[in-house]
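Participant: coords please:
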Amino acid sequence: PWWRAQVTALLAAVADGEARYVVSGPLVSTRAREVVSVLPPGGRAYYAMKANHHEEVLRRVAAEGLGMECV
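Facilitator: Purely as a prediction, here's the structure:
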């Protein structure tokens, strides 16, 4: 997994005991690209913003061609 190469930095980031939610930006882009690649011509897929509304995640999925679904 991607985090193995980052384990030292990740552990340092939580040294204060506070919880963190960590996302791999490159992996988000890769997975979004994979979703788009299997769509039929003219097909559209949407990312559910309630899953993670972090600005950088949204930028990455939009850059790969996913739409946004929000309530």
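Participant: got the buried residues for the longest helix along the chain?
Facilitator: Determined from DSSP state H, the single longest helix within the chain is helix 25-37. By 16 or more other Cβ atoms under 10 Å, the buried positions in helix 25-37 come out as 28-29, 32. For every residue, glycine as well, the C-beta is placed using N, CA and C.
Participant: Now do the contacts for Cys70.
Facilitator: 48-50 (Cβ atoms under 8 Å, 6 or more residues apart in numbering).
Participant: Let me know the closest of those residues to Met68.
Facilitator: Distance to Met68 across those (Cβ to Cβ) is lowest for Met49, with 5.6 Å.
Participant: Against Gly67, how distant is that closest one?
Facilitator: According to Cβ to Cβ, to the nearest Å, Met49 and Gly67 sit 10 Å apart.
Participant: Give the rounded mean pLDDT of the helix or strand following the longest helix of the chain.
Facilitator: Downstream of helix 25-37, the first helix or strand assigned by DSSP states H and E is strand 46-48. For strand 46-48, mean pLDDT rounds to 93.
Participant: Strand 46-48: how far from the chain's middle?
Facilitator: 11 Å (Cα atoms, centre = their mean, to the nearest Å).
Participant: tell me which residues in that strand are buried?
Facilitator: Across strand 46-48, burial judged by 16+ other Cβ under 10 Å covers Tyr47.
Participant: Need the contact partners of it.
Facilitator: 32, 58, 61-62, 66-70.
Participant: Which two among the residues you listed are spaced furthest apart?
Facilitator: Using Cβ to Cβ, the pair of those lying farthest apart is Ala32 and Cys70, separated by 16.4 Å.
Participant: Need the residue closest to the centroid of the protein.
Facilitator: By Cα atoms, centre = their mean, the chain has its centre lying nearest to Val28, at 3.3 Å.
Participant: Would you enumerate the residues in contact with Leu66?
Facilitator: 32, 35-36, 45-47.
Participant: what's the burial count for Val57?
Facilitator: 18 (other Cβ atoms under 10 Å).
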